[in-house]
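Student: Turn this into a model:
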Amino acid sequence: MAPERIRPTAARIQPIAVVAEELRELTSVRGTGEPINILRTLAHAPNVLKRFSQMGGTLLFRTSVPDREREIVILRVGSNCSSVYEFGQHTLVGLQSGLTDSEIAGLTVDAGSFPWSAEDRALVDLADDLCHDDCVSDATWAALSARWDDRQMVELVVTAGFYRMVSGFLNSAGVQLDPGVPGWPS
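Tutor: Okay, the predicted model is just below:
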């Protein structure tokens, strides 16, 4: 489980209940039409919601990094930031992307206590380095660049940074889990 940190127990900004027609598509999970709390909360600032959705959509659907590996980075960032909302939403995405329940749980514990492959461990280390020091270490960079090209290195680092920002927003605004979204693994 993620480190214990004090987080709001209720929403500090209530999600918009009735979303304006022009924002409806932006406030729902891609393809489902179901509005989710993070996007309904961001809808208080429509200009931010639009740009957030563009960047988030790019990182989720238009990069060259495979989904499974992207989700390792996002889930580890969510865990490092103690963002239950981020971790819960991406638990669902991670499972769809090929991560196992065990691997997802492994993203909430010390990296050395889970049997990651060297390639997966480098992704975990990327998230840890950025969350703890705001810079990927030389050792982690070398391990990552043995597999990933420059385009993918940009995508991985920007993904980690974006989801660190998202986690900070979710924590600060007190965005609550959507129905059916899991919290931390047992």
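
Student: Which residue ranges of the chain form strands?
Tutor: When assigned using DSSP state E, the chain turns out to have no strands.

Student: where along it do the helices fall?
Tutor: 37-42, 46-61, 67-80, 84-96, 101-106, 118-133, 138-145, 150-173 (DSSP state H).

Student: List the buried residues of the fifth one.
Tutor: By neighbour count with 16 or more other C-beta atoms under 10 Å, helix 101-106 contains the buried residues Glu103, Ile104, Ala105, Gly106. In this view, the C-beta of every residue, glycine as well, is placed from N, C-alpha and C.

Student: cool, and the last one?
Tutor: For helix 150-173, the neighbour count (16+ other C-beta under 10 Å) marks 152-153, 155-157, 159-160, 162-164, 166-167, 169-171, 173 as buried.

Student: Farthest from the middle of this structure: give me that residue.
Tutor: Of all residues in the chain, Glu21 has its C-alpha farthest from the mean position, at 26.9 Å, by C-alpha atoms, centre = their mean.

Student: Name the residues that touch stretch 178-186?
Tutor: With contact meaning C-beta atoms under 8 Å, 6 or more residues apart in numbering, stretch 178-186 is reached by 1-2, 36-37, 84-85, 87-89, 91-92, 101, 104-105, 108, 177.

Student: Redo the helices of the chain as CSV? Include distance to Ser28 and mean pLDDT.
Tutor: Rendered in CSV, the data for the helices of the chain read as follows (distance: least, C-beta to C-beta, whole Å; pLDDT from 0 to 100):
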stretch, distance to Ser28, mean pLDDT
helix 37-42, 7, 95
helix 46-61, 10, 94
helix 67-80, 19, 98
helix 84-96, 13, 97
helix 101-106, 24, 98
helix 118-133, 27, 98
helix 138-145, 34, 98
helix 150-173, 17, 98
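
Student: which one of the ones you listed lies closest to Glu25?
Tutor: Shortest distance between Glu25 and the helices of the chain, using C-beta to C-beta, is found for helix 46-61: 8.8 Å.

Student: which residues touch the residue positioned nearest the centre of the chain?
Tutor: Compute the mean C-alpha point of the chain, and by C-alpha atoms, centre = their mean the closest residue is Ile74, 3.7 Å away. Contact criterion C-beta under 8 Å, 6+ apart gives Glu86, His90, Val93, Gly94, Thr159, Ala160, Tyr163 as the residues in contact with Ile74.
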